[in-house]
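Asker: Give me a 3D structure for the following:
(one chain, ligands or ions: 1)
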Amino acid sequence: MDTPKKPVPIVNPWARPFWDAAREERLVTQRCKDCDKFIFYPRIACPHCFSDNLEWVEVSGKGTIYSFTVVENNAPSAFIKEMPYVVAIIKLEEGVQMLSNVVECDLDELHCDMPVEITFEKLTDEFTLPKFRPV
Ligand SMILES: [Zn+2]
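Answerer: Predicted coordinates:
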């Protein structure tokens, strides 16, 4: 049986700058120009003050693990070669949370509040995935 291909993101027009930056190995989020709060995931209006006066800004790529799980059984799937792999919610220094993977890590040492930093994994010519690794 052939291993299924990994899915690629379905990109809404307002999220395009995020994926364009990721392809250049830069992590960006939106920030509201009216209330100055960072926003993630990409939206058409600020979830804090409902302004549509948003900008894209490069962020540090540094954060901590807010929560995580280790996927050890997900067969048959496109991810079988990566198992076991880590799915985590990362809390960035800027305050927003991002669902991603933690890579290059010892699974026994993973814990909440662990400091992590951004790394990138090219998926296709169009998509590069932001991931995180322990600092
Ligand atoms: Zn706002």
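Asker: beta partners of L92?
Answerer: Applying DSSP bridges to L92 gives these bridge partners: G63.
Asker: For P76, see how far away the residue nearest the centre of the chain is.
Answerer: Central residue check for the chain by CA atoms, centre = their mean: the C-alpha nearest the mean position is that of S100, 4.2 Å away. The gap separating S100 from P76 is 23 Å, by CB to CB, to the nearest Å. Every residue, glycine included, has its C-beta placed from N, CA and C.
Asker: P42 now?
Answerer: Taking CB to CB as the criterion, P42 is separated from P76 by 32 Å.
Asker: Then K6?
Answerer: If you measure K6 against P76 using CB to CB, the figure is 13 Å.
Asker: what's the answer for E104, then?
Answerer: Remark: distance between E104 and P76 (CB to CB) = 26 Å.
Asker: Kindly report the same for I90.
Answerer: Between I90 and P76 the distance is 28 Å, computed by CB to CB.
Asker: go on, L92?
Answerer: 34 Å.
Asker: V103 now?
Answerer: Plainly put, V103 is 22 Å away from P76 if you go by CB to CB.
Asker: Could you do I89 as well?
Answerer: Applying CB to CB, one obtains 26 Å for the distance of I89 from P76.
Asker: Then V135?
Answerer: Taken as CB to CB, the span from V135 to P76 is 35 Å.
Asker: on that earlier part again, which one of I89 and P76 has more residues nearby?
Answerer: Counting neighbours by other CB atoms under 10 Å for I89 and for P76 shows that I89 has the greater number, 15 against 10.
Asker: any idea which element the nearest residue to the more buried one once chain neighbours are set aside lies in?
Answerer: Using CB to CB, 6 or more residues apart in numbering and skipping the chain neighbours, the partner closest in space to I89 is Y66 (4.4 Å). Per DSSP states H and E: Y66 is located in strand 62-71.
Asker: Show me what that strand packs onto, helices and strands only.
Answerer: strand 85-92, strand 97-102, strand 115-122 (3 or more CB pairs under 8 Å, 6 or more residues apart in numbering; DSSP states H and E).
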